[in-house]
Structure formats: structure tokens, C-alpha cells
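In: pasted the sequence and its predicted model underneath.
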Amino acid sequence: MATMVPGLMRPRTPPGEAKVFEALRDHPGTEGWIVWHGLPIRHHETQVEGEADFVIVAPGEGVLVVEVKSHERVEVGDDGLWRLGSQEPTPRSPYDQAWDNSRSIRKWIERRAFVPPYPIWQAVWFPMRGGELVAQLEARIDVPANETLTRADLDASRLVTSIVGVLRHGRRELERRVPAYQPGRPDEQDVDEFRQALQPSISWARAMAERREVRERDLREATERQERALQYFSASPRLLVTGPAGTGKTNVAVRAALQAANRDERVLLTCFNRRLEGDLQHRLRDRDDITVARVHQLMLAYAKIEPPEDAGDAWWNGTLPEATLAVTRVPGFEPSFTCLVADEAQDLARDSTLDVLDSLLVGGLAGARVVLAGDFTRQDIYRPLGSPVEEALAAHVSGDSGAPARSSSSPTQSGASRRHLLDTRIPDAAEMTLTSNVRQTPQLAELIEELLDDELYIGFDRDGEEDDPLPLTVLGYRNESEQQEQLAHALMSLWEEGWNPREILVLSPRRASAASRAGGAVADALARHDGDPNGTPWGTVHAYKGLESPAVIVTDVDGTTPRWQDLLYIGATRATERLVILTSLDEILQRAPLRA
């Protein structure tokens with residue numbers, strides 16, 4: 001399998017690029033190859049800057065610079081303009097882009113280091129179009145021969161031979177103009193020199209890429225084990241999958257949905273969170289037989305209404321479910337699904353939501369195939385404040401039945417009430433309990449347990465290196481000015497460690513966060529909007545529930561936010577490799593294994 005740089009696919013990668021990335025990463029024939037994805041070219045020969053979708057270094061063959069076009073629609077009119085998808089027509093073809101990027105990289109190498117003794121060539125890949133496109137394009141005088149790859153070249157039987165074929169064609173073309181290249185180049189030394197010339201800090205990046213490869217391998221192996229465990233419950237039509245954060249509940253939910261779809265079930269995979277919905281849709285983007293939709297989006301579609309601008313909890317969890325049931329409970333309505341899979345199910349465990357889901361299933365919740373995955377102990381953050389359960393707990397803790405509800409420490413009791421509701425609605429559900437952490441390194445997971453003063457896991461499915469740098473840092477502050485300084489310090493430290501800005505996630509337990517108030521260089525570094533390809537993403541813990549990021553900074557840990565302990569737990573467990581906490585609380589600072 002190829003070494004990918006970066007080792008993780010970038011968020012919101014276009015679908016065609018994602019297919020190429022996965023094909024190159026997973027093919028055994030690319031062992032020893034180095035592949036850059038989304039390589040910025042700041043020193044471009046024909047424009048201010050550019051980006052190479054892929055730069056593939058194939059030992060013994062050469063370097064291939066690939067421009068990927070994910071569009072279904074590819075047209076070139078009589079006016080000479082290229083029309084790709086919904087983009088504006090342009091006279092500049094993707095072959096021009098590939099050629100300019102290839103030339104820019106070759107010139108950079110020549111100026112900085114040496115004349116490459118191997119070909120640097122280019123190709124255009126249309127992963128969403130079939131091979132019939134090649135003949136049509138090569139009939140044009142402005143399209144070069146043997147520089148087009150298509151969907152067919154993604155097939156495992158053709159991937160390596162197609163790429164090598166393009167490189168060998170490029171070698172022949174170049175040798176008509178330059179002295180013949182030595183056979184077997186680039187060799188191992190050539191590859192190292194190319195990497196050093198392209199990105200001098202690549203020795204560290206290679207170590208990071210290797211660590212990420214190990215992590216992806218560990219996750220694949222853990223997922224396979226979970227899938228085998230899931231088979232034990234195949235005779236149980238209704239199943240609760242429980243466990244703390246990082247134990248792979250989302251992976252189990254995805255596998256359960258795939259298994260059901262492979263049995264020709266009509267599957268609904270649902271959740272509460274918009275970003276989690278997007279992640280699940282991306283994972284299952286090639287499966288048209290699985291409907292992935294967050295529960296309120298589903299209700300809006302059935303009810304055919306739009307939310308008012310001032311929609312609050314009463315509308316989303318009262319008016320909207322009632323409007324949906326007015327449609328789905330009409331005599332003659334045929335339920336759309338035979339199987340329900342829900343991730344972060346603790347967020348869906350309320351009567352109004354369960355009534356809607358019940359109405360969409362053939363046989364209802366008690367009769368259909370149902371898999372619900374959730375953490376009912378520490379992640380039930382959407383329960384109403386001042387609920388009877390919380391008030392009862394507060395009275396028990398304080399010894400005063402008239403005391404106000406305390407929001408800092410009631411996860412077990414509230415989780416029990418949500419779980420009780422599901423047990424009532426689905427009384428015969430079996431339970432699959434996950435207890436091994438598959439997300440973090442053991443070192444980071446153990447430090448999070450120490451920080452939270454809690455034992456969460458009984459095992460770890462990832463490997464850890466004892467000599468790795470300590471992956472958790474806790475930074476103290478006394479006021480907002482100091483917190484802003486610490487946020488800037490944390491970002492700079494992570495950049496110096498080598499983390500890409502998009503690999504860092506800044507989270508807060510509230511919307512009025514340190515990131516929202518940032519100015520100067522910190523504000524410039526943060527993403528300006530969802531989908532910003534350059535800035536560091538940031539938001540609330542709530543918005544990123546169920547997701548993960550290599551490096552996480554949790555800000556505003558000051559004890560003033562309701563349920564701050566639960567939110568700290570959720571925010572901290574989003575990190576897979578590196579975690580920084582910004583806090584003003586002595587109790588957190590005193591438990592910190594490393595603080596500044």
C-alpha cells in the first residue's frame with residue numbers, strides 16, 4: 001500500500017478524489033510508492049499558486065502529476081470551451097492544468113536540487129466517467145494521447161498497470177528530446193532526494209504518515225473484530241450497542257447498516273447531529289440502498305414544512321414530530337423502512353422522536369430490525385435542564401429536596417432514564433457492550449482517564465510507543481486575555497509539531513467561545529466558515545459529537561457551562577493523537593499530567 005501524504009484524507013474531499021485516494025492507499029501493488037494528495041504549489045510557473053491533486057512517485061518508473069476531475073458532465077463545445085459539471089466554461093483544459101503543475105514541480109526540483117534522472121509526467125483522471133471518454137477526447141488535437149485515466153482504471157486489476165503505462169509513455173516522449181533515462185530510476189535514494197527537495201521537513205512528515213498508517217491499520221483490524229462480534233447478534237433482530245466514547249460505536253452502526261442492506265433490507269441510518277450525518281453520508285456515499293439522514297431532516301421531508309426562524313426545542317421536538325405523525329399515521333401510509341440503525345442513540349431517546357421512527361418502520365420499533373448505538377452514561381447532553389431526574393439527583397447529593405438541579409454531575413442517572421425509555425419501547429433488545437478504546441493511543445486514552453478522574457476503558461485496540469511525546473497538555477489561564485494568549489500558544493505549538501491546520505479542531509462547551517472572540521493571527525488561522533479549505537475548523541462540542549480529529553484544543557473549561565464535565569469528556573475524547581485543554585479550574589490543573 002502507498003504511503004499517503006498527508007496520511008488522512010482531507011475533509012470534504014471531492015468524491016472522485018476520494019476514490020483515487022482510497023484506490024492508491026489500499027492497493028497492494030502500490031507498496032513503496034509515495035503519494036501526495038492536494039499538494040500546494042506556491043512557486044507556480046504560470047500562475048500565483050496552484051495545487052496538484054496527486055503527485056505519485058513510483059520507484060523504477062517516475063513521478064506522475066495527476067489532475068482529477070470528479071464531474072459526471074465533461075463537454076467541449078465548438079467554441080473551444082470546456083464545461084465540467086456546473087463550473088463556468090473555461091478555455092483552459094484539465095490537460096493544461098496537469099501540464100502546468102508537472103512543469104512547475106520539475107522546474108522547482110531543477111532549481112533547488114538537481115535535474116531529475118527519471119521522468120516527471122502528467123495525466124488527467126476522470127474517476128466518475130467510463131473508458132468511452134478517452135476515445136472522444138483523444139480525437140481532439142489539443143488533447144494528448146495516453147494521458148487520460150477513467151473510472152475503469154480504479155479497478156484493482158488495472159490500477160497499477162494503467163499508472164505505469166502512462167509513466168512509460170511519458171518516458172518515451174521525453175526521451176525523444178533528452179538523453180535516455182537510466183533504467184530502474186527513481187531508486188530508493190532518488191525517492192528520498194525528491195522528498196527532501198519537495199518538502200524538506202518530510203522526514204518528520206513521513207514519521208507522522210507512518211503513525212497514521214498504523215492507526216488506520218489498527219482501526220481496520222478493530223472494525224473487523226467488531227464486525228465478527230456483530231455476527232454473534234445476527235439472531236437478535238433488535239440490538240443496543242453501548243460503550244464510552246472512542247469504542248467504535250459508529251463503526252458498528254455503519255457495519256450493521258451494510259449487513260442489513262446486503263440482506264435486501266430497506267435501511268434507515270439516522271442520528272441527531274448535522275456533522276455526524278455528513279460523515280455517515282460520506283462513508284456510505286457509494287450505497288444507494290441505505291438512506292442516511294438526521295432525524296429532524298427526515299421529519300421535515302415527510303411533513304413537507306420549513307422551520308420558522310425562531311424555532312426552538314418546543315418546535316423541533318413537539319410541533320415537527322406532530323406534523324410528521326399527521327402524515328405517517330394516516331391510514332394507508334406505507335412505512336418506508338424495514339431496518340433502523342441509529343448512532344448517538346441517546347440523543348434520539350425521547351417519546352416524540354421514537355414515535356416518528358416507529359411510524360416509519362414496517363412492524364414498528366418492537367417488530368422491525370433495529371440497531372441503536374449510544375453512550376447513555378456520559379454523552380446524554382441534550383436532556384432538559386431541571387428534569388425530574390436531575391432534581392431528584394440534586395436533592396440526593398445536597399440532602400435538600402428543595403435544592404435546584406445541579407447540572408455538573410448527573411450523567412448516570414439521566415442516562416438510565418433514556419435507557420429505560422428504550423427498554424420500554426424495545427423490551428426484547430439484546431445488548432452488545434464495547435469496552436476497548438479504538439480511537440486514541442493507549443497513552444492518550446489513559447491520560448484522558450486521569451484528567452477526568454474516571455476509568456472508562458478495560459482495553460485498547462491501538463498500539464502505543466512509550467517514547468512518544470506526551471500527547472496531552474493542560475494550559476491554565478486566569479482571564480480572557482490570558483486564554484487568548486494560551487490559544488495562540490497552543491496553535492503555534494501544534495503547527496511546530498507539524499500538524500496541518502485542517503488536522504486541528506478547536507472546541508468549546510459553548511457558542512460564545514475563545515475562538516469566536518479571537519483576533520489577529522489566531523482569527524486569521526481559524527476557518528471563516530464551514531468548508532473553508534485552509535483554516536482550522538472550530539465550533540461547539542455539541543456540533544462535533546460522534547466525530548474525531550487528530551489534534552483537538554478544548555477551550556473555555558471554566559465550570560460555568562451547564563454539564564461542563566460531560567462536555568469536557570466529549571470534547572477531550574474527540575482527539576485521536578494530540579489533546580490540549582485550556583482551563584481556569586484548579587481541580588483540572590491539579591490532575592493534569594503536564595501543564596503550563
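Out: Nice, thanks for sending it over.

In: pull the contacting residues for the spatially closest residue to Val327 that is not a sequence neighbour.
Out: Excluding the flanking residues, the one nearest Val327 by C-beta to C-beta, 6 or more residues apart in numbering is Tyr302, at 5.3 Å. Backbone N, C-alpha and C define where each C-beta goes, glycine included. Residues in contact with Tyr302 (C-beta atoms under 8 Å, 6 or more residues apart in numbering) are 324, 327-328, 360.

In: report how many residues lie close to the residue nearest to Ile305 when sequence neighbours are not counted.
Out: Sequence neighbours aside, Ala323 is the residue nearest to Ile305 in space, at 5.8 Å (criterion: C-beta to C-beta, 6+ apart). Per other C-beta atoms under 10 Å, the neighbour tally for Ala323 reads 17.

In: any idea of the pLDDT on Ala323?
Out: Confidence at Ala323, expressed as pLDDT, is 96.

In: what's the helix or strand encompassing it in contact with?
Out: Assigned by DSSP states H and E, Ala323 belongs to helix 320-328. Here helix 320-328 makes contact (C-beta under 8 Å, 6+ apart) with 296, 299-300, 302-305, 307, 333, 335, 352-353, 355-356, 359-360.

In: tell me how far it is from the chain's mean position?
Out: Distance of helix 320-328 from its chain centroid, counting by C-alpha atoms, centre = their mean, to the nearest Å, is 33 Å.

In: likewise stretch 576-586?
Out: Distance, centroid of stretch 576-586 to centroid of chain: 21 Å (C-alpha atoms, centre = their mean).

In: now the strands for the stretch 201-350 of the chain?
Out: Under the criterion DSSP state E, counting those that start in this stretch, the stretch 201-350 of the chain contains strands at 238-242, 267-270, 290-292, 339-342.

In: the ones you listed: which one's closest to Gly170?
Out: strand 290-292 (41.0 Å; C-beta to C-beta).

In: can you list the helices and strands that that closest one packs against?
Out: helix 249-262, strand 267-270, helix 274-283 (3 or more C-beta pairs under 8 Å, 6 or more residues apart in numbering; DSSP states H and E).

In: pLDDT on that strand, on average?
Out: Rounded mean pLDDT across strand 290-292 is 96.

In: what's in contact with that strand?
Out: Counting by C-beta under 8 Å, 6+ apart, residues outside strand 290-292 touching it are 257-258, 261, 266-270, 277, 280-281, 284, 336-337.

In: of the residues you listed, closest to Arg112?
Out: Gln281 (41.9 Å).

In: and for the closest one, nearest residue in space, chain neighbours not counted?
Out: Spatially, and ignoring its direct neighbours in sequence, Gln281 is nearest to Val292 (4.7 Å; C-beta to C-beta, 6+ apart).

In: count of neighbours near that neighbour?
Out: So Val292, with other C-beta under 10 Å, has 25 neighbours.

In: measure it to Thr540 for me?
Out: 22 Å (C-beta to C-beta, to the nearest Å).

In: go on, Ile581?
Out: 16 Å.

In: which one of these two is surrounded by more residues?
Out: Ile581 (25 against 19).

In: surely that one meets Val474?
Out: Yes: between Ile581 and Val474 a contact is recorded at 4.6 Å, counting by C-beta atoms under 8 Å.

In: the contacts of helix 320-328 in helices, which ones?
Out: Members of the contacts of helix 320-328 lying in helices (criterion: DSSP state H): 296, 299-300, 302-303, 352-353, 355-356, 359-360.

In: give me the number of residues near the nearest residue to Thr433 once chain neighbours are set aside?
Out: Nearest residue to Thr433, sequence neighbours excluded (C-beta to C-beta, 6+ apart): Thr242, at 5.4 Å. Residues lying near Thr242 (other C-beta under 10 Å) number 21.
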